[in-house]
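K.L.:
no FASTA, just this:
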């Protein structure tokens, strides 16, 4: 991963600069600047999943179509609205579910699966400090979500999206162990920040390109309000909406 490369380069620079500037009186400043730049790059890599800094994620499709992905559900009010629109329009999506919500609303998981959608792992707790979890606690959290999906549907998800899009070395270790494929996005709708559906629609259509993986949230009413218009815009531009597994050529579930 890029983090290992950057760490190795920084280590070499620290040694070389330490020798080069040892007797100049500037060694502490130079070494301090190198460390600050290292911390900045590490922070950027943690919060920018598309940088693939710690974890190699899939952010775009390989086929000339787009995929709709929804995070943070299932939600008892807005997920059914979204499912109804998807069914009416004949569109299949991928839902990155929070385990504790999936446990509470298993009937919505059954509906998603029955209607041909993909269910993926978005952690069990979606804790706001999950990026600070120990490796063991993170492993248990992700496995717990997988177990909820498996017990509900008899399917073990192969896709995972890190909560908040934040990654670190512990994620890399846990994903390797659990054989989960990290899925990012190429187009963020910012539906968590918009004030109305028109802002959301503009956020998407102004940047939409073939091969995009679009990030949405099925726990938000504004997303449900905008979804039909988003689908129709794609069709008006002859941009096909296909299931995520099809455009990235990956199987969505582990073989049991």
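P.N.:
Looks like it arrived, so ask away. Note that the structure is a prediction, hence the values are computed from the model and not measured.

K.L.:
Can you say which helix or strand has the closest residue to residue 190 other than its chain neighbours in it?
P.N.:
Setting aside the residues directly before and after it, residue 190 is nearest to residue 203 in space (Cβ to Cβ, 6 or more residues apart in numbering), at 5.2 Å. C-beta coordinates here come from the backbone N, C-alpha and C atoms, glycine included. Assigned by DSSP states H and E, residue 203 falls within helix 197-205.

K.L.:
Show residues contacting the following helix or strand past that helix.
P.N.:
Next along the chain after helix 197-205, taking DSSP H and E as the criterion, comes strand 213-217. Contact with strand 213-217 is made by 58-61, 66-73, 183-189, 191-192, 204, 208, 223, 227, 244, 247-248, as judged by Cβ atoms under 8 Å, 6 or more residues apart in numbering.

K.L.:
Repeat that for stretch 183-194.
P.N.:
Counting by Cβ under 8 Å, 6+ apart, 49-50, 57-60, 66, 69, 94, 96, 120, 159-161, 165, 200, 203-204, 207-209, 211-217, 220, 222-223, 226, 244, 248 sit against stretch 183-194.

K.L.:
Equivalent analysis for stretch 128-140, please.
P.N.:
46, 123, 127, 141, 163-164, 166-168, 170-171, 173-174, 177-178.

K.L.:
And those residues, which two are furthest apart?
P.N.:
Across the contacts of stretch 128-140, the longest distance by Cβ to Cβ is 21.4 Å; it joins 164 and 177.

K.L.:
Report the secondary structure state of residue 96.
P.N.:
strand (DSSP: H, G, I helix; E, B strand; the rest coil).

K.L.:
Need the pLDDT of it.
P.N.:
Note for residue 96: predicted pLDDT of 98.

K.L.:
just residue 12 next, same as before
P.N.:
Residue 12 is given a pLDDT of 71.

K.L.:
Which of the three states applies to it?
P.N.:
helix.

K.L.:
how much space is there between it and residue 32?
P.N.:
As defined by Cβ to Cβ, to the nearest Å, residue 12 lies at a distance of 17 Å from residue 32.

K.L.:
Show me what secondary structure element comes after the helix or strand residue 182 falls within.
P.N.:
Element membership for residue 182 (DSSP H and E) is strand 181-182. The helix or strand immediately downstream of strand 181-182 is strand 187-188, counting by DSSP H and E.
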